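In: Here is my input, please return the structure:
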Amino acid sequence: MTSPHDIEILLHKLITEKRLAKRMALARALNVAMKHHSTPLVSGNKAIFLWEGAAKHAHIIGDWTHWRQQIPMKRIRCTSWFYHTEEFRTDARLQYKFVIDGAGWENDPRNPLASEEGFGTNSEVIMPDYKDESWLRPLHIDGKPLKHGEIVKLQIDSTALKDKRDIMLYLPHEYSAATGRLTPRYPLLVMHDGAESLSLGKFHHILDHLIHAERIVPCVAVFIAPNLPKRNEEYTLNPAYLRFCTEEALPKALEEASKRGYAVSENPNERCIGGASLGGLLATYMALHAPESFGVFFAQSPAYWWGKGIIFQAENMTNASSVQAILQTGTVADAHALTVRMRDELEKRGSKPLYREYTQGHTWGNWRAGFARGMMDWYDVQQQHTSPTKTVSPAS
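Out: Alright, predicted model coming up:
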């Protein structure tokens, strides 16, 4: 079978060959070779994107173009092939689509890799040094089958928000009876954009796997779904939404957990509030303004740009030294610069944020891939601030 490197050489010969008969022969060879290969062709820091069909124009758009600029692909003369070459970091994982003859965006038909996002799926280009750390597999570890936690759906008639809200309560599968361990009170995780955190992030499944592999202790999680038309209003430093979460949603969820035999820790370091994009901004705001409720915040690609960076103003940073930040960002058309700024601002105020960056974009694919590491970082925080009654294998 022809290797991707061989196809690249063949492609170069086809592009540069001037003799028509030779070009036609090379084109036929390319057609045969591509029947057995997916696209893009990736080697080192280079990715070659290919599209073939009856079209006048083909463009590519993706994370690295901020999903705004459409880059024209070059047509290979006397063929129906279009190509475009990009150079990326070798650890990159990015998303893209094709635009053919100005019609709607479409996925790469020769690429089996795709990420489920809020508006459908996008094709993915994965570079050679990228490592999948999403913890969505395996289903068996040391011969033990995976056991899933339970999702309990609740609804709150909110006084603070003056409407009804859905929350999803995650209760982990209880391992203590089988292992002999005792977890008297469970750590608490609260995630914004709760519905998408489950459907797109698969965060509950990732928690299942981490608990199953003993990389974290079992935790109770509350996934709070927004009212989508009001999301931008409520997620942007809104005191009413803070009251809703701390005074209505959490008491309701914890009451239900208690009924089912799950007592939740009151230690702020065992209470983490998290979210992505505007949800990451909201998580930051809530921890900074209610450190007694949440001693840890987990912000993925946080939208610190909102309000011209108002989150950095002194009145919002008063309690910075009282909270532990877990910060993640992509470096390609994402929240990189302002996440770095938040890291630096927290360090100036005596906090020690845990910061990680990835060669990815502002996507659920990025947040899904980074969630497990954020949870393991949170476990490390718990170990540093609590008594050693919980024993799980150290996170790698």
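
In: Residue 126 reaches residue 114, doesn't it?
Out: No: counting by CB atoms under 8 Å, residue 126 stays clear of residue 114, with 11.2 Å between them. No exception for glycine: its C-beta is placed from N, CA and C like everyone else's.

In: who's more crowded, these two?
Out: Taking other CB atoms under 10 Å, residue 126 and residue 114 do not tie; residue 126 has more neighbours (18 against 15).

In: Residues in a beta bridge with that one, which ones?
Out: residue 93 (DSSP bridges).

In: Spit out the contact partners of it.
Out: 42, 92-93, 113 (CB atoms under 8 Å, 6 or more residues apart in numbering).

In: Over to residue 371?
Out: Taking CB under 8 Å, 6+ apart, we find residue 371 in contact with 134-135, 201, 203, 206, 300.

In: What's the per-residue pLDDT of it here?
Out: pLDDT, residue 371: 98.

In: Now name the helix or strand holding it.
Out: Under the criterion of DSSP states H and E, residue 371 resides in helix 364-385.

In: Return the distance of that helix from the chain's centre.
Out: 11 Å (CA atoms, centre = their mean, to the nearest Å).

In: Just the CA coordinates for it, please, in CSV.
Out: Presented in CSV, the C-alpha positions along helix 364-385 are these (Å, rounded to 0.1, in the frame of the first residue of the first chain):
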residue,chain,number,x,y,z
TRP,A,364,-15.8,21.4,22.7
GLY,A,365,-13.2,19.1,21.3
ASN,A,366,-10.6,21.1,23.2
TRP,A,367,-12.7,21.2,26.4
ARG,A,368,-13.6,17.5,26.2
ALA,A,369,-9.9,16.6,25.8
GLY,A,370,-8.8,18.8,28.7
PHE,A,371,-11.5,18.0,31.2
ALA,A,372,-9.8,15.0,32.7
ARG,A,373,-6.6,16.8,33.3
GLY,A,374,-8.5,19.6,35.1
MET,A,375,-10.2,17.0,37.3
MET,A,376,-6.9,15.4,38.2
ASP,A,377,-5.5,18.8,39.0
TRP,A,378,-8.4,19.4,41.3
TYR,A,379,-7.7,16.1,43.0
ASP,A,380,-4.1,17.2,43.6
VAL,A,381,-5.5,20.4,45.2
GLN,A,382,-7.8,18.3,47.5
GLN,A,383,-4.8,16.2,48.5
GLN,A,384,-2.8,19.2,49.4
HIS,A,385,-5.5,20.7,51.6
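
In: Now do the buried residues in it.
Out: 364-379, 381-383 (16 or more other CB atoms under 10 Å).

In: For the closest residue to residue 276 other than its chain neighbours, give its distance to residue 329.
Out: Leaving aside its chain neighbours, residue 276 sits nearest to residue 300 (4.1 Å; criterion: CB to CB, 6 or more residues apart in numbering). Using CB to CB, to the nearest Å, we find residue 300 at a distance of 7 Å from residue 329.

In: quick one, which of the two is more surrounded?
Out: Taking neighbours as other CB under 10 Å, residue 300 and residue 329 compare with residue 300 leading, 30 against 27.

In: Helices along the stretch 101-250 of the chain, start to end?
Out: 176-179, 194-199, 203-212, 231-234, 239-243, 250-259 (DSSP state H, counting those that start in this stretch).

In: Among the ones you listed, which one carries the weakest average confidence?
Out: helix 176-179 (a mean of 44).

In: what sits against residue 5?
Out: Residue 5 sits in contact with residue 43, where contact means CB under 8 Å, 6+ apart.

In: what helix or strand does it sit in?
Out: Assigned by DSSP H and E, residue 5 falls in helix 4-16.

In: Mind listing what's buried along that helix?
Out: 4, 7-8, 10-11, 14.

In: So which of those is the closest to residue 75?
Out: Nearest to residue 75, judged by CB to CB, of these is residue 14 at 11.7 Å.
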